[in-house]
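In: no sequence on hand, only this structure:
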């Protein structure tokens, strides 16, 4: 995990805590060795769920939120990423599908769904792609038939850094925040670098 992704994970965690979720990070999973398609050379190294969130007060698809976090500084381009996945193209020298294997490779999809179910006892959830900022039509991602099928019809959403920070900041007080990133925002506010008040921009999630 890169430092940038670690910071974005902290922002996601702070955002979720403000919404009443219990949060787990970096949950490892991999295909079952008994799967007929299991290939030790390709499947023995774990992937991980970046953030898994559970809120017992929520119902339906909002009770469990499962996050994949991509902190590309030049933004997440939906068309580019989806096209590369569909054409077996590469991103940063690696097959694009391998960066989204839970959406693209059936044995990894099954392992991902099993990991969510074993941790939450739920099969309904929302799959959330958290990004620094987004380019283009997000429906290329959220309404992608291949991805929707992989997630068994569970909804896909996109959440940007700006949306999360805009919602976190108005609710911060002088009481130390729950995470390092929350405390950083508090210090920025104290130094006059961030707004002191304002209505929260409540996201759809």
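Out: Thanks, I have it. These figures come from a predicted structure and were not determined experimentally.
In: can you pull the contacts of the closest residue to residue 137 other than its chain neighbours?
Out: Closest residue to residue 137 apart from its sequence neighbours, by C-beta to C-beta, 6 or more residues apart in numbering: residue 78 at 6.1 Å. Where you see a C-beta, it was placed from the backbone N, CA and C, and this is true even at glycine. Each residue near residue 78 by C-beta atoms under 8 Å, 6 or more residues apart in numbering is listed here: 134, 135, 136, 137, 138, 140, 141.
In: show me the strands in the protein, by range?
Out: 22-29, 47-54, 64-70, 76-77, 90-91, 94-95, 126-131, 134-135, 156-160 (DSSP state E).
In: partners of the fifth one in the sheet?
Out: Yep, that's strand 90-91 we're talking about. strand 94-95 (antiparallel) (DSSP bridges).
In: what does the fourth one give?
Out: The sheet places strand 76-77 alongside strand 134-135 (parallel), with pairing taken from DSSP bridges.
In: pLDDT score for the closest residue to residue 143 other than its chain neighbours?
Out: In this structure, residue 143 finds its nearest non-sequential neighbour in residue 156, 7.9 Å apart by C-beta to C-beta, 6+ apart. Here, the pLDDT recorded for residue 156 equals 98.
In: residues contacting residue 156?
Out: 126, 127, 128, 129, 141, 142, 143, 144, 147, 148.
In: and the helices in this protein, which stretches?
Out: Listed in chain order, the helices of the chain (DSSP state H) span 3-18, 40-43, 78-86, 96-99, 101-104, 106-120, 139-142, 145-150, 161-168, 180-190.
In: for the last one, buried residues please.
Out: Of the residues in helix 180-190, those scored as buried under the neighbour-count criterion (16 or more other C-beta atoms under 10 Å) are 181, 182, 184, 185, 186, 189.
In: ok, now the second one?
Out: Judged by neighbour count (16+ other C-beta under 10 Å), helix 40-43 contains these buried residues: residue 43.
In: by contact count, what packs against that helix?
Out: Taking 3 or more C-beta pairs under 8 Å, 6 or more residues apart in numbering; DSSP states H and E as contact, there are no helices or strands that helix 40-43 lies on.
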